[in-house]
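> just need the structure, nothing else, for what follows:
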Amino acid sequence: MFRQFGWPEILLLLLIALLIFGPSKLPELAKAIGKTIRELRQGMAEDDENGEPLSGDS
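Take a look at the predicted model:
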C-alpha cells in the first residue's frame, strides 16, 4: 500500500516545511527532531540491555 520515499518526495516535503516554518525555524526544528530520535533510541537500547520487555505487557 505504501512505498518508500524517494528523493523527489523528500525534496517536496523539505520545500513544504520551508514554506510553512520559514528558514529561521528549520534549524531549530531539525535539532529538536534529532534530539527526540536520539533519546528514543537510547531509551530502547537501555530497555533492551536490562532485559525488560519493550511492551508494557508483563
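> the host helix or strand of I37 - contacts with which helices or strands?
In this assignment (DSSP states H and E), I37 forms part of helix 26-50. Using 3 or more Cβ pairs under 8 Å, 6 or more residues apart in numbering; DSSP states H and E, the elements in contact with helix 26-50 are helix 7-21. In short, each C-beta sits where N, CA and C put it, glycine included.
> and the angle for the helix it packs on with helix 26-50?
With axes from the mean of the first three to the mean of the last three Cα atoms, to 10 degrees applied, the angle from helix 7-21 to helix 26-50 works out at 120 degrees.
> re earlier: average pLDDT for the helix holding I37?
Regarding helix 26-50, the rounded mean pLDDT is 87.
> report the contact partners of F5.
Contact partners of F5, counting by Cβ atoms under 8 Å, 6 or more residues apart in numbering, are L13.
> got the phi and psi for it?
phi -80, psi 140 (degrees, to the nearest 10).
> please apply the same query to S24.
Backbone torsions for S24, taken as degrees, to the nearest 10, come to phi -80, psi -30.
> what's the burial count for it?
7 (other Cβ atoms under 10 Å).
> what does L18 give?
L18: 12 neighbours (other Cβ under 10 Å).
> how far away is the residue nearest to it when sequence neighbours are not counted from L12?
Of all residues not flanking L18 in the chain, L26 sits nearest, at 6.4 Å (Cβ to Cβ, 6 or more residues apart in numbering). Distance, L26 to L12, by Cβ to Cβ, to the nearest Å: 15 Å.
> looking at these two, which one has more neighbours?
L26 (14 against 11).
> for the residue nearest to L18, give its distance to L11.
L26 is 14 Å from L11, by Cβ to Cβ.
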